[in-house]
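A.B. asks: My questions concern the predicted model and sequence given below.
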Amino acid sequence: VTDLLAVSFSSHDYINHNFGPESIQSLDHLVRLDRTLARLFDAVDAAVGATNVLIVATADHGFMNVPEFSTARGFEAGRVDPGETRNAVNAAAEKRFGIPKLAYQHMTGGFTLDYAAIDAKGLSREEVESFVARVTREQPGIAFTFTRTQLERGLMPSHRVATLVQRAWHPEMAVDIVVVPKPFHYFQSRTTSSPNACSHGTPYTYDTNVPLLLQGERWIRAGRYADYAETIDVAPTLAYLLNVRPPSASEGRVLKAA
């Protein structure tokens, strides 16, 4: 019977949030993490033998650089206060539709709207959403906006950002207006008492490009492969090697080249 061991080394996420991926703290932790992994692999080798083990290493996301670091290197970058953005949108929406605080809260990734107030005035949800999306897009630091109607009906533009937003959106749990900042821009309230240096969660490559390493001489052909791969390919690949059915909701593919 195959044993499965899953380990998450989560402290690097905490360090990058607080200091940024370009910081000396991040570099120091990577050195320490490398030593920790070496001890783990040595222990596994001693327990069962390295030739009997398949190792898969990856990450759930990348990290943007600290905005000030990017600005110092000539990139357009900055911090966007979601509260200020929402206040500007609500002011425009109240003037247009007579509904105060139409976007009644901001969450990671966008705004939720007061649909009860929209319905009470007999307004078109689609029209109101489109207005909010347009006004939001006009605010500083905003690159893309997408509405609930667009996402529910699959009426998304044919570009990479829209594809990733559609994948990440769930109709019962997600926001009504998805807001994507410009590259190298970070949503952060100006009133936060202990602000993070930076974060993640955008569809840009600094967030979505992660390592994917496989090692196991019985199963993996050594090499570097340029074929496009995603973290969702790990589950069907392991299922194939274990000769079991892939998970029912699996959307990935078997990494046959390796």
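C.D. replies: That came through fine. Numbers count the residues shown, from 1 in each chain.
A.B. asks: so who does the most centrally placed residue in the chain touch?
C.D. replies: Nearest to the mean C-alpha position of the chain, by CA atoms, centre = their mean, lies G201 at 3.1 Å. The neighbours of G201, taking CB atoms under 8 Å, 6 or more residues apart in numbering as the test, are 61, 108-109, 207. From N, CA and C alone the C-beta is placed, and that goes for glycine too.
A.B. asks: Longest helix in the chain, please.
C.D. replies: Ranked by residue count and defined by DSSP state H, the top helix of the chain is helix 24-48.
A.B. asks: Could I get the full set of helices for the stretch 101-250 of the chain?
C.D. replies: Using DSSP state H, counting those that start in this stretch, the helices assigned to the stretch 101-250 of the chain run over residues 115-120, 125-137, 148-153, 160-168, 205-208, 234-242.
A.B. asks: now for those helices, which one comes closest to H29?
C.D. replies: H29 lies closest, by CB to CB, to one member of these: helix 205-208, at 18.3 Å.
A.B. asks: Would you mind listing the buried residues in the closest one?
C.D. replies: 206-207 (16 or more other CB atoms under 10 Å).
A.B. asks: ok, and what's touching that helix?
C.D. replies: Contacts to helix 205-208, defined as CB under 8 Å, 6+ apart, come from residues 61-65, 164, 200-201.
A.B. asks: let's go with 10 Å and repeat that
C.D. replies: 21, 61-65, 70, 160, 164, 183-184, 198-202, 230-231 (CB atoms under 10 Å, 6 or more residues apart in numbering).
A.B. asks: hmm, back to that, just checking, what packs against the longest helix of the chain?
C.D. replies: Where contact means 3 or more CB pairs under 10 Å, 6 or more residues apart in numbering; DSSP states H and E, helix 24-48 is packed against helix 11-19, strand 55-58.
A.B. asks: lowest-pLDDT helix or strand in this protein?
C.D. replies: Counting by mean pLDDT, DSSP states H and E, the chain has its least confident helix or strand at strand 103-107, which shows a mean of 90.
A.B. asks: For F41, give me its contacts.
C.D. replies: Residues near F41 by CB under 10 Å, 6+ apart: 50, 53, 55, 215.
A.B. asks: Test my guess that the last one contacts V53.
C.D. replies: Yes. Contact between Q215 and V53 holds when scored by CB atoms under 10 Å: they sit 8.3 Å apart.
A.B. asks: okay, the two: which has more neighbours?
C.D. replies: Taking other CB atoms under 10 Å, Q215 and V53 do not tie; V53 has more neighbours (18 against 14).
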